[in-house]
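Engineer: Pasting the sequence and the predicted coordinates here, then a few questions.
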Amino acid sequence: MTWALSLLLNNQHALKKLKDELDEHVGRERLVTESDIGKLVYLQAVVKETLRLYAAGPLSGPREFINDCTLGGYHIKADPRVRSDAFEFQPERFLTTYKDVDVKGQHFELRPFGGGRRSCRGTSFALQMTHYALATFLQAFEVTAPNNTQCFKDEDVIVDEKKIMKNTLTGVREEANDFSSVPNTPLEGRHSSEANNP
Ligand code: HEM
């Protein structure tokens, strides 16, 4: 969830596309439900692309091919040109070139949940919850980068993993929570702020 949000904030076009999809398929009169997820194909692509870039549990052993090699009869090139955009956040790849690739262990190029008999038992639950929580959060809140403008490369939102781990483990929050301006219901807040600026 953290990586998905930071990637979306650093790629505002993707954030807009995701919010447009929510507006189109769910609207603003009700909150998204789990039964909407199937229609939200861009949301699914965003989650896949996040899992591709930042595998939450790289337990199967992260690997990097720094030299050309042959493995099990397959020749593997250490050439970044094989997939030049590998480090780019491009959810669209899962709607086009890689549209049939899923994350459930059947496709060897993307296995954030592992594969085979010891693959993750929580795959379906984790995906359902990630889609649902991300969709609900984005539908209900306007998220912006700290400077409240579009992020550009030199001022990207940086996720400090060590700080997140420390805060998660100790339950510490960096900033004091000020809920005074939080509306009663998230959707109400979104509507009222937009009512002033239609
Ligand atoms: C995005 C969230 C998650 C990711 C990326 C993830 C990833 C993984 C990975 C890579 C493995 C090792 C698979 C292997 O050795 O081949 C694993 C194992 C496992 N995961 Fe997850 N997991 C997630 C969420 C969950 C959740 C929510 C649950 C339970 C509700 C869960 C339960 C398990 C269990 C029980 C195993 C051990 C399976 C075994 O060894 O037989 N995981 N997970």
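Structural biologist: Everything's here; your move. Numbers count the residues shown, from 1 in each chain.

Engineer: and the longest helix seen in the chain with the ligand, contact?
Structural biologist: Across the chain, the longest stretch assigned as helix under DSSP state H is helix 123-140. Yes - shown here: helix 123-140 in contact with the ligand (C-beta under 6 Å from any ligand atom) through 125-126, 130. Placement of C-beta: from N, CA and C, glycine included.

Engineer: Out of the residues you listed, which comes closest to the ligand?
Structural biologist: The ligand has its nearest neighbour among the residues of helix 123-140 next to the ligand in residue 126, at 3.6 Å by C-beta to the nearest ligand atom.

Engineer: Just give me the neighbour total for that closest one.
Structural biologist: Applying other C-beta atoms under 10 Å, we find 18 residues neighbouring residue 126.

Engineer: Just to check, it is in contact with residue 112?
Structural biologist: No - counting by C-beta atoms under 8 Å, residue 112 is not a contact partner of residue 126; they are 9.3 Å apart.

Engineer: and stretch 121-130, which residues are buried?
Structural biologist: Buried residues in stretch 121-130, counted by 16 or more other C-beta atoms under 10 Å: 126-127, 130.

Engineer: Reformat those residues as TSV; add pLDDT.
Structural biologist: Output for the buried residues of stretch 121-130, formatted as TSV (pLDDT from 0 to 100):
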residue	pLDDT
126	95
127	96
130	96
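
Engineer: where does this structure dip in pLDDT?
Structural biologist: 57-65, 79-84, 146-198 (pLDDT under 70).

Engineer: tell me which parts of this protein are close to the ligand?
Structural biologist: So the chain meets the ligand at 56-57, 59-60, 112-115, 118-122, 125-126, 130 (C-beta under 6 Å from any ligand atom).

Engineer: farthest pair in the residues you listed?
Structural biologist: The most widely separated members of these are 118 and 130, with 21.3 Å between them, by C-beta to C-beta.

Engineer: need the helices for this structure, in chain order.
Structural biologist: Going by DSSP H, the chain shows helices at 2-10, 12-25, 41-53, 123-140, 161-170, 186-195.

Engineer: out of these, deepest packed?
Structural biologist: helix 41-53 (a mean of 22; mean count of other C-beta atoms under 10 Å).

Engineer: dump the residue contacts of residue 7.
Structural biologist: 14, 46, 49-50, 53, 89 (C-beta atoms under 8 Å, 6 or more residues apart in numbering).

Engineer: ok, which pair from these is furthest apart?
Structural biologist: 14 and 53 (12.4 Å).

Engineer: Give me the common contacts of the two.
Structural biologist: Common neighbours of residue 14 and residue 53 (C-beta under 8 Å, 6+ apart) are 7, 89.
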